[in-house]
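Colleague: this one's sequence-less:
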């Protein structure tokens, strides 16, 4: 018993992943650093809730309402909410008031609460209404393009769009990938080589800071509930 996660990718260029989670006999979990912001919807005892989650720069412990069911949308790096600057959301979130089982309020308007299969439809409506926006320069860089701007300009735009530096995003994403590989049984030496960690202590420090687990705990599935879907298929 614990947290039952299911995560899927998305065809939307605005969305990274869509996930669902059910909590069973667990009251807290280890949160994992993330470079992305998101929308989360959940219900417990007939009451509905919604919140905006921000990027998280390190691991921590978060409470979990027992018996709750969650639907979450993690947005692509470089997107943001018009009404909430990215910097405001780093290492925190914002509960959305006026949420019902069918609707929630965001940026002064009422929206239909999505299920896991129609998350992209909601995102499309938010994008058309310019509630969700993005910086095209950051999007281009994330796709591997080299824009004709100075490094200083790029870093300023990147931080304004995401609340994080490019280096912080790379470190967080690398640690999350290491977590997935280790949980899938890849030896530490293979993870170090694949992800360009200097050595095993370097990997261990990253896991401690961003994931809250050791390599051994990830391989063994030990350490308690964690906010990751570690049963998803890992590809090279």
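Modeller: Received the coordinates, thanks. Given the structure is predicted, the values throughout are model-derived calculations rather than measurements.
Colleague: Below-threshold pLDDT in this protein: ranges please.
Modeller: Applying pLDDT under 70 to the chain flags residues 1-2, 232-236.
Colleague: in it, which strand has the most residues?
Modeller: Assignment by DSSP state E gives strand 15-23 as the longest strand of the chain.
Colleague: backbone phi and psi for residue 218, please?
Modeller: Dihedral pair for residue 218: phi -70, psi -40, per degrees, to the nearest 10.
Colleague: Let me see the contact set for it.
Modeller: By C-beta atoms under 8 Å, 6 or more residues apart in numbering, residue 218 lies in contact with 179, 182-183, 207, 211, 230. Quick note: C-beta positions are derived from backbone N, CA and C, even for glycine.
Colleague: what's the nearest residue to residue 120 if we skip its chain neighbours?
Modeller: Once flanking residues are discounted, residue 120 sits nearest to residue 12: 4.7 Å by C-beta to C-beta, 6 or more residues apart in numbering.
Colleague: go on, residue 161?
Modeller: Nearest to residue 161 is residue 135, by C-beta to C-beta, 6+ apart, at 4.0 Å.
Colleague: same thing with residue 68?
Modeller: Leaving aside its chain neighbours, residue 68 sits nearest to residue 44 (4.1 Å; criterion: C-beta to C-beta, 6+ apart).
Colleague: Sketch out the helices for this protein, chain order is fine.
Modeller: For the chain, the helices defined by DSSP state H occupy 86-89, 119-128, 136-142, 151-162, 166-183, 188-195, 200-210, 215-220.
Colleague: how about the ones you listed, which one is nearest residue 69?
Modeller: Residue 69 lies closest, by C-beta to C-beta, to one member of those: helix 119-128, at 14.7 Å.
Colleague: And for the nearest residue to residue 81 once chain neighbours are set aside, the neighbour number?
Modeller: Closest residue to residue 81 apart from its sequence neighbours, by C-beta to C-beta, 6+ apart: residue 132 at 6.3 Å. Residue 132 has 23 neighbouring residues, counting by other C-beta atoms under 10 Å.
Colleague: Tell me who's in contact with residue 132.
Modeller: By C-beta under 8 Å, 6+ apart, the residues touching residue 132 are 14, 75, 79-82, 123, 126.
Colleague: Contact partners for the residue nearest to residue 196 when sequence neighbours are not counted?
Modeller: The shortest distance from residue 196 to any non-neighbouring residue, by C-beta to C-beta, 6+ apart, is to residue 174 (7.9 Å). By C-beta under 8 Å, 6+ apart, residue 174 lies in contact with 195-197, 206.
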